[in-house]
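Undergrad: okay, structure incoming, though there's no sequence with it:
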């Protein structure tokens, strides 16, 4: 079974631009979560989608948004990029939103904002 | 709020040494507990998990026991290898406002000398 895939793997943008990242979960998984990983702040939860509905959201500004499609694929969008948005963005999928479920992570998209 | 605290790194050990990485948590209710590992340039992988008190998770020689009385989930391995060099994250999942969310510790970098 294929793992979680994320595209693109690397991205360079300039301040003020916007970016869209894509995540394809493991087949059959309905829950997708997004995380931002930086050396200073560690792993921070962005949001979680389950069956196309946002179930939970972390403490990020409204510039960060996401959506989930009927096939469970998910996208996240960051508008008006800032230098501090440079990070590794990780997507994870799980079968359900049960707290006992394991999250399976993709390799991440490394975003550099210049 | 709920939180996870793990020992500061980096931790440097010689091959075949005994490993302990401490992890304690604060949570209301009954969370599930996880250890994830991140190898250089990759996303996170589940190492082991425990979903109720006194459960022991184990995988690849690593073990951790869910101790409710001490709110701990310490990671141990009897004899580490160079290939165990990675960053280890302790995490818990719990219900928040009718949706589940995962909270990660800050990560512990482990380096094993040959």
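TA: Done, it's in. Please read these numbers as outputs of a predicted model, since none were measured by experiment. Numbering: from 1, shown residues only, chains lettered A, B, ... in the order given.

Undergrad: my read is residue A:40 is in a strand, agree?
TA: No. According to DSSP: H, G, I helix; E, B strand; the rest coil, residue A:40 belongs to no strand; its state is coil.

Undergrad: what about it, distance to residue A:84?
TA: As judged by C-beta to C-beta, to the nearest Å, residue A:40 and residue A:84 stand 9 Å apart. For the C-beta atoms, the positions are set from N, CA and C on the backbone; glycine is no exception.

Undergrad: looking at those two, which has the bigger crowd around it?
TA: More neighbours surround residue A:84 than the other of residue A:40 and residue A:84, with 10 against 6 (other C-beta atoms under 10 Å in any protein chain shown).

Undergrad: a helix runs through the more buried one, doesn't it?
TA: Yes. Under three-state DSSP, residue A:84 sits within a helix.

Undergrad: thought residue A:23 was touching residue A:31?
TA: No. If you go by C-beta atoms under 8 Å, residue A:23 and residue A:31 don't touch, sitting 11.6 Å apart.

Undergrad: shared neighbours, the two?
TA: Shared contacts of residue A:23 and residue A:31, defined by C-beta atoms under 8 Å, 6 or more residues apart in numbering or on different chains, are found at residue A:93.

Undergrad: if you count surrounding residues, which of these two has more?
TA: Between residue A:23 and residue A:31, counted using other C-beta under 10 Å, the more crowded position is residue A:23 (27 against 24).

Undergrad: if that one is in a bridge, with which residues?
TA: Under the criterion DSSP bridges, residue A:23 forms beta bridges with residue A:6, residue A:74.

Undergrad: need the residue closest to the centroid of chain A.
TA: residue A:34 (3.1 Å; C-alpha atoms, centre = their mean).

Undergrad: now the strand or helix carrying that one: average pLDDT?
TA: Using DSSP states H and E, residue A:34 sits within strand A:31-38. For strand A:31-38, mean pLDDT is 94.

Undergrad: and that strand, what's buried?
TA: Across strand A:31-38, burial judged by 16 or more other C-beta atoms under 10 Å in any protein chain shown covers A:31, A:32, A:33, A:34, A:35, A:36, A:37.

Undergrad: of the residues you listed, which are in range of chain B?
TA: Contacts with chain B within the buried residues of strand A:31-38, as defined by C-beta under 8 Å from any C-beta of the partner chain: residue A:33.

Undergrad: could you pull out the strands for the chain?
TA: Answering for chain A, as no chain was given. Secondary structure of chain A (DSSP state E): strands at A:5-7, A:10-13, A:19-24, A:31-38, A:42-50, A:53-57, A:64-68, A:74-78, A:87-94, A:104-105, A:109-113.

Undergrad: wait, I meant chain B there
TA: Going by DSSP E, chain B shows strands at B:3-6, B:11-14, B:19-21, B:23-26, B:32-38, B:44-50, B:56-59, B:62-65, B:75-77, B:86-96, B:99-104, B:108-113.

Undergrad: so how far is the fifth one from its chain's centroid?
TA: With C-alpha atoms, centre = their mean, to the nearest Å as the basis, strand B:32-38 stands 5 Å off its chain's centre.

Undergrad: cool, the longest one as well?
TA: Computed by C-alpha atoms, centre = their mean, the separation of strand B:86-96 from the middle of its chain amounts to 7 Å.

Undergrad: give me the neighbour count for residue 26.
TA: Defaulting to chain A. For residue A:26, using other C-beta under 10 Å, the count is 18.

Undergrad: wrong chain, I was asking about chain B
TA: Neighbour count for residue B:26, taken as other C-beta under 10 Å: 13.

Undergrad: many thanks, have a good one.
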